[in-house]
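Chemist: just need the structure, nothing else, for what follows:
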Amino acid sequence: MATSLLSGRLRLGSISVPTRNLVPTLTIKGLPDPVYRRLKQQAEAHRRSLNGEIIVCLERAVAAERVDPAVWLAEARAFRQRSAVRPLSARQLSAARQAGRA
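Modeler: Reported below is the predicted structural model:
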């Protein structure tokens with residue numbers, strides 16, 4: 001027990017013994033001001049702390065599924081066949097562009 005007390009830290013007259021279950025800490029350097037402001041706005045809108053908002057953003061980013069292009073194209077082609085929408089011809093696309101500019 002004396003060994004564990006000596007490895008702790010003296011804090012306001014008591015000894016704090018570090019545990020092995022510490023939560024990792026991340027420091028972000030060089031965060032652009034616009035990104036910081038947007039995160040702060042999002043945190044306020046979601047009624048979270050800035051730290052909480054950043055954790056949610058990171059969780060979403062790392063949990064996002066990678067899209068396999070071949071699978072995605074196969075699903076798009078299957079959807080096109082089910083919906084019976086024909087692809088536009090070059091002439092139809094050109095006419096739509098001209099109509100949009102008018």
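Chemist: just want the most central residue of this protein.
Modeler: residue 61 (3.1 Å; CA atoms, centre = their mean).
Chemist: let me know the average pLDDT across stretch 30-37.
Modeler: Over the span of stretch 30-37, the pLDDT mean works out to 93.
Chemist: and it, which residues are buried?
Modeler: For stretch 30-37, a neighbour-count test (16 or more other CB atoms under 10 Å) marks nothing as buried. C-beta: built from backbone N, CA, C; applies to glycine.
Chemist: elements contacting the helix or strand containing residue 52?
Modeler: With elements delineated by DSSP states H and E, residue 52 resides in helix 50-63, which encompasses its position. Of the remaining helices and strands, those touching helix 50-63 by 3 or more CB pairs under 8 Å, 6 or more residues apart in numbering; DSSP states H and E are helix 33-45.
Chemist: which residues touch the helix it packs on?
Modeler: Here helix 33-45 makes contact (CB atoms under 8 Å, 6 or more residues apart in numbering) with 49, 50, 52, 53, 54, 57.
Chemist: and for stretch 58-72?
Modeler: With CB under 8 Å, 6+ apart as the test, stretch 58-72 has no contacts from any other residue.
Chemist: avg pLDDT for that stretch?
Modeler: Here the mean pLDDT over stretch 58-72 is 88, rounded to a whole number.
Chemist: chain center to that stretch, what's the gap?
Modeler: Between the mean C-alpha location of stretch 58-72 and the chain-wide mean there is a distance of 11 Å, by CA atoms, centre = their mean, to the nearest Å.
Chemist: kindly report the same for stretch 61-74.
Modeler: Here stretch 61-74 is found 15 Å from its chain centre; the criterion is CA atoms, centre = their mean.
Chemist: CA atoms of that stretch as PDB?
Modeler: As requested, the backbone C-alpha atoms of stretch 61-74 are provided in PDB (Å, rounded to 0.1, in the frame of the first residue of the first chain):
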ATOM      1  CA  ALA A  61     -17.000  10.700 -38.800                       C
ATOM      2  CA  VAL A  62     -15.300   7.400 -37.700                       C
ATOM      3  CA  ALA A  63     -18.600   5.500 -37.700                       C
ATOM      4  CA  ALA A  64     -19.500   6.400 -41.200                       C
ATOM      5  CA  GLU A  65     -19.500   3.500 -43.600                       C
ATOM      6  CA  ARG A  66     -17.200   3.400 -46.500                       C
ATOM      7  CA  VAL A  67     -19.100   3.300 -49.800                       C
ATOM      8  CA  ASP A  68     -18.000   0.700 -52.300                       C
ATOM      9  CA  PRO A  69     -18.400   2.500 -55.700                       C
ATOM     10  CA  ALA A  70     -19.300  -0.800 -57.500                       C
ATOM     11  CA  VAL A  71     -22.100  -1.500 -55.000                       C
ATOM     12  CA  TRP A  72     -23.300   2.100 -55.200                       C
ATOM     13  CA  LEU A  73     -23.500   2.000 -59.000                       C
ATOM     14  CA  ALA A  74     -25.300  -1.300 -59.000                       C
END
